[in-house]
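# quick one, what's the 3D model for this:
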Amino acid sequence: MAQGTPRSDSNNLARRIFSVANIVAFGLGIAIFYIGLLIDDSHLWIIVWAVVGASVGAAAWYLIDRRTRPPSLASVLTGIPFLGAIPKEQSGPAPAIGSGPLADRYLGLLREIEGQTTGRVLLVSSPSPGQGASSVAMNLAIAATAAGRRVMLVDADHSPTGIGQFLSSGTSPGLSDVAAGNSTLPEAARMWTLDDGTRFPMLPSGDEPSDAKDLAGVLVADALDVVSEHADLIIIDVPPILWSDATPELGAHADGTILVLTDAADPRAVAGATERLAAVGAPVLGYVRNRSAGATALRQHPLRHAVTLGAVLGAIILFGYGAYTAVQLLNSWNRVETQALDTGAVSLIGQSSEPAEQPDPGDDVELEEPEPPVVAPPQTPTEAYETLLIIGNDKIAGASDVILYLVRPTNGAAPFMVSLPRDLYVENPCTKGHSRINTLIKGCPSKDINGPTLLSYQVGAITGIEVDHFAWFNFESFTNIVDAVGGVEICVDYPVRDAKAELDLPAGCTQATGAQALSWVRSRKTQQLVNGSWQSVPGASDLQRNQHQQDVILQMFAKLKSFDSLSELTTKAASLADNFILDDGLNPKKAVNLAWSLRGIKLEDIKRLEIPVRLTRSKTGQSILVETAPFDEVLATEYGDSLPTEDGSQNAASEESPVQETAPGVG
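Coordinates of the predicted model:
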């Protein structure tokens, strides 16, 4: 059957969606939201502006709708008898109905119809798809049969949701074949048995006719005349009135039409349908409110509609702004450079029979006296901890100046951080010798192992906790990061300086720039002005510098995890994207999970642990640091048995340890 008339439901739907009132309401609401963000875009005000924009948009819709509002559904149906209502919970086609309230509803509907007409041929249709006309037609036939009427059901709807979906014997031959002269009524009709007490003849739809005008022809008229001689009622289920050219053609044979509609039907579509049916001689005898209790008024109050529209508009504004923010963050993420993290490849170096790489001059050092090796604790599975290795690199020296390891036990124990001194003397798997730990950042080029991987492997070996992820930056990036977060506070009792590190700070607290913070964390020979004389700061060394690095990085974390607005977040992300190198395993989902877990940590709860070392010298006189005890002894002293065990099982965290949050919905 031909589809898509000028007044089709798709056109009606498009006209309703893109009405002047809707366009103005949404445009005005979004504009007010945008202007509001320019005034204040903090978290609370984002919601406030969304509510204000939605409210103004809804008010604009109401005012325009009052001037352009079409007739209400109730007014369109004025003068058309109300036949009954079919409850919403029983909506949809069904192969049969049993006893009970629903059967009584259809029996009452049948009696109302019989009270409105003496005609025997009735169309059952709706103005547009989705109203449930096929369901009503089929169940009316079932109810009439159960009431002792002689009924024939004719299926004229070829759609997948029509009566044909329940016919196991197929839809052909059928009505269209009779209309085209390719089949007779006795050949096409069949008896439909639903149960022992419900059995009636029905005529399937057949193949879709090439010309809908055949349905108005003599062959169909003769067939219906033959049936009407023996039947009390012929019910023809036809396609939506404004959706098919077949419906008006079948109207030529009908005595009237039962109009099926929901309470949300478009009044303009209903008006068009009634006009069309009247023009073809099949006027509406009455209407059925399908999927409705029938107790409420058909016309929704415009104020209620405006409130609904306002709620939808507010949700769209917030969702759209959230999606826009997510796209900006994703674009920033895609600019971040990544490198592989594969510590498993490092462990294979020792199994290789190939000669070790020769170190760069000055990389490897020898102790004056052999030192007993400190046995590294076995590495605990990554599921027991969330870890991040922060690496600050001296691009000129080609060595790492900052090696800071952040560890969060997943069983709720307090997180900790540990700085690894740059002069820590460790095994170098690449050279199969020993070197300072800061030189591992050079990697193992002949084995295609990058520096962060080699360093991460050794950090995991020293601490016994495998590295999950790393963040690597150089000095220039460090200054950019500090500046991006608005600087950090550095407090000293006396003026300090270090000519080599270009450090020069006054006494008191300074909101340091990136350059000043870099000088502070690099200074190894810090001097302070006491009583007019420059003196070395007591304890100035790599270990003190590690303390400064931790102070600054904790401040950076505090500022990165707190933001007053989403725009501030996207600005920070955009400014930081080009300053980090991350491991390729840290995808956006994992990054959100990690960031959320860090966001829930109070910085004052982070334990600061130290690797026990002693200072010694190499044969060439270079200062180096060597471990004096395994790191697991440090953990045992600090945590007792409250940390996850080596086999990955979770011990209960101590009562003093805060329970950290995990990101909701993020795996």
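# just the strands in the stretch 151-300 of the chain please.
Ranges of strands in the stretch 151-300 of the chain, per DSSP state E, counting those that start in this stretch, are 151-155, 190-195, 198-203, 233-237, 256-261, 284-290.
# lowest average pLDDT across those strands?
Of all the strands of the stretch 151-300 of the chain, the segment with the smallest mean pLDDT is strand 190-195, scoring a mean of 79.
# circling back to that earlier point, make JSON lines out of the strands of the stretch 151-300 of the chain and add mean neighbour count and distance to Leu529.
For glycine as for every other residue, the C-beta is placed from the backbone atoms N, C-alpha and C. Compiled in JSON lines, the strands of the stretch 151-300 of the chain are given as follows (neighbours: other Cβ atoms under 10 Å; distance: least, Cβ to Cβ, whole Å):
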{"stretch": "strand 151-155", "mean neighbour count": "25", "distance to Leu529": "100"}
{"stretch": "strand 190-195", "mean neighbour count": "14", "distance to Leu529": "102"}
{"stretch": "strand 198-203", "mean neighbour count": "19", "distance to Leu529": "104"}
{"stretch": "strand 233-237", "mean neighbour count": "25", "distance to Leu529": "98"}
{"stretch": "strand 256-261", "mean neighbour count": "26", "distance to Leu529": "89"}
{"stretch": "strand 284-290", "mean neighbour count": "24", "distance to Leu529": "89"}
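# would you mind giving those strands as a markdown table with distance to Thr570 added?
As requested, the strands of the stretch 151-300 of the chain are exported to a markdown table (distance: least, Cβ to Cβ, whole Å):
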| stretch | distance to Thr570 |
| --- | --- |
| strand 151-155 | 58 |
| strand 190-195 | 62 |
| strand 198-203 | 63 |
| strand 233-237 | 56 |
| strand 256-261 | 48 |
| strand 284-290 | 49 |
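# what is the biggest helix by length in the chain packed up against?
Counting by DSSP state H, the longest helix found in the chain is helix 302-334. On a contact count with 3 or more Cβ pairs under 8 Å, 6 or more residues apart in numbering; DSSP states H and E, helix 302-334 meets helix 20-39, helix 43-68, helix 566-576, helix 588-599.
# and the angle for the shortest one with helix 43-68?
Per axes from the mean of the first three to the mean of the last three Cα atoms, to 10 degrees, the angle that helix 566-576 makes with helix 43-68 is 120 degrees.
# with just CA atoms, put stretch 191-203 into CSV.
Taking C-alpha atoms only, stretch 191-203 is exported to CSV below (Å, rounded to 0.1, in the frame of the first residue of the first chain):
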residue,chain,number,x,y,z
MET,A,191,-10.7,-20.1,10.0
TRP,A,192,-8.8,-18.6,12.9
THR,A,193,-9.1,-20.8,16.1
LEU,A,194,-7.7,-19.2,19.2
ASP,A,195,-9.2,-21.7,21.7
ASP,A,196,-12.1,-24.1,22.0
GLY,A,197,-14.6,-21.3,22.5
THR,A,198,-13.1,-18.7,20.1
ARG,A,199,-13.2,-19.5,16.4
PHE,A,200,-14.0,-17.1,13.6
PRO,A,201,-13.2,-16.6,9.9
MET,A,202,-10.5,-14.0,8.9
LEU,A,203,-9.1,-12.7,5.6
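# touching that stretch from outside, list them.
For stretch 191-203, the surrounding residues in contact (Cβ atoms under 8 Å, 6 or more residues apart in numbering) are 95-96, 141-142, 145-146, 150-155, 163, 174-175, 178, 185, 188-190, 227.
# hmm, try it at 7 Å
Surrounding stretch 191-203, the residues in contact under the criterion Cβ atoms under 7 Å, 6 or more residues apart in numbering are 95-96, 141-142, 145-146, 151-155, 174-175, 188-190.
# and it, how far out from the chain middle?
Between the centre of stretch 191-203 and the centre of its chain there are 50 Å (Cα atoms, centre = their mean, to the nearest Å).
# repeat for stretch 328-336
For stretch 328-336 - counting by Cα atoms, centre = their mean - the centre lies 17 Å from the chain centre.
# buried residues in it?
Neighbour-count burial for stretch 328-336 flags Gln328, Leu329, Ser332, Val336 (criterion: 16 or more other Cβ atoms under 10 Å).
# of those, closest to Ile611?
Out of these, the one with the shortest distance to Ile611 is Val336. That distance is 29.9 Å, counting by Cβ to Cβ.
# tell me the domain boundaries of the chain?
Here the domain assignment for the chain is 9-71+302-331, 73-290, 341-667, based on automatic domain parsing.
# of those domains, which shows the lowest average pLDDT?
For the domains of the chain, the weakest mean pLDDT is recorded on domain 341-667, namely a mean of 77.
# now find how far off-centre that domain is within its chain.
For domain 341-667, the gap between its own C-alpha mean and the chain's C-alpha mean amounts to 34 Å (Cα atoms, centre = their mean).
# before we move on, what about stretch 46-57?
For stretch 46-57, the separation from the chain centroid amounts to 23 Å (computed by Cα atoms, centre = their mean).
# alright, I will stop here.
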